[in-house]
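Engineer: Show me how the following folds:
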Amino acid sequence: MEFIRFLKMARRSASEVQSELYLALDRSYITEDELKKTHALASESKKIINGLIAYLRNYKKSAEHHVSEEVAEYSTNPSMSLPHEFYYQTNDY
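Structural biologist: Down below sits the predicted model:
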């Protein structure tokens, strides 16, 4: 699935952000507390992305093997039949 490919790119981007955080810390652009908070956000993003990828893969597999159709409701009760107007509609287009 094409969307999964883009999700993998997003996951790699989050990993790249985590790597760049250490460079920013080494150059004193950010504090260690900022690194920890941002690193945790990137980790959480990666977990969410991984979960979405797993869901889409499972959905794709289950969709390939299952056939489903809507349940139709049928009635033998004459009072629940279609209204008279339904059968005698004009075809005015």
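
Engineer: Show me what the lengthiest helix in the chain is packed up against.
Structural biologist: Assignment by DSSP state H gives helix 32-65 as the longest helix of the chain. The helices and strands touching helix 32-65, judged by 3 or more CB pairs under 8 Å, 6 or more residues apart in numbering; DSSP states H and E, are helix 2-26. C-betas here are computed from N, CA, C, even on glycine.

Engineer: hang on, the earlier thing: the longest helix of the chain - what's its average pLDDT?
Structural biologist: Averaging pLDDT along helix 32-65 yields 91.

Engineer: count of residues packed around the nearest residue to residue 46 once chain neighbours are set aside?
Structural biologist: Of all residues beyond its chain neighbours, the one nearest residue 46 is residue 14 (4.8 Å), with distances taken as CB to CB, 6 or more residues apart in numbering. Residue 14 is flanked by 19 other residues according to other CB atoms under 10 Å.

Engineer: Identify the residues contacting residue 14.
Structural biologist: Shown in contact with residue 14 (CB atoms under 8 Å, 6 or more residues apart in numbering): 42-43, 45-46, 49.

Engineer: residues making contact with stretch 33-49?
Structural biologist: 7, 10-11, 14-15, 17-18, 21-22, 24-25, 30.

Engineer: what's the distance between residue 23 and residue 41?
Structural biologist: Distance, residue 23 to residue 41, by CB to CB, to the nearest Å: 17 Å.

Engineer: what's the answer for residue 21, then?
Structural biologist: To residue 41, residue 21 is 10 Å away according to CB to CB.

Engineer: Who are the contact partners of residue 28?
Structural biologist: Residues near residue 28 by CB under 8 Å, 6+ apart: none.

Engineer: what's the pLDDT at the residue nearest to residue 46?
Structural biologist: 98.
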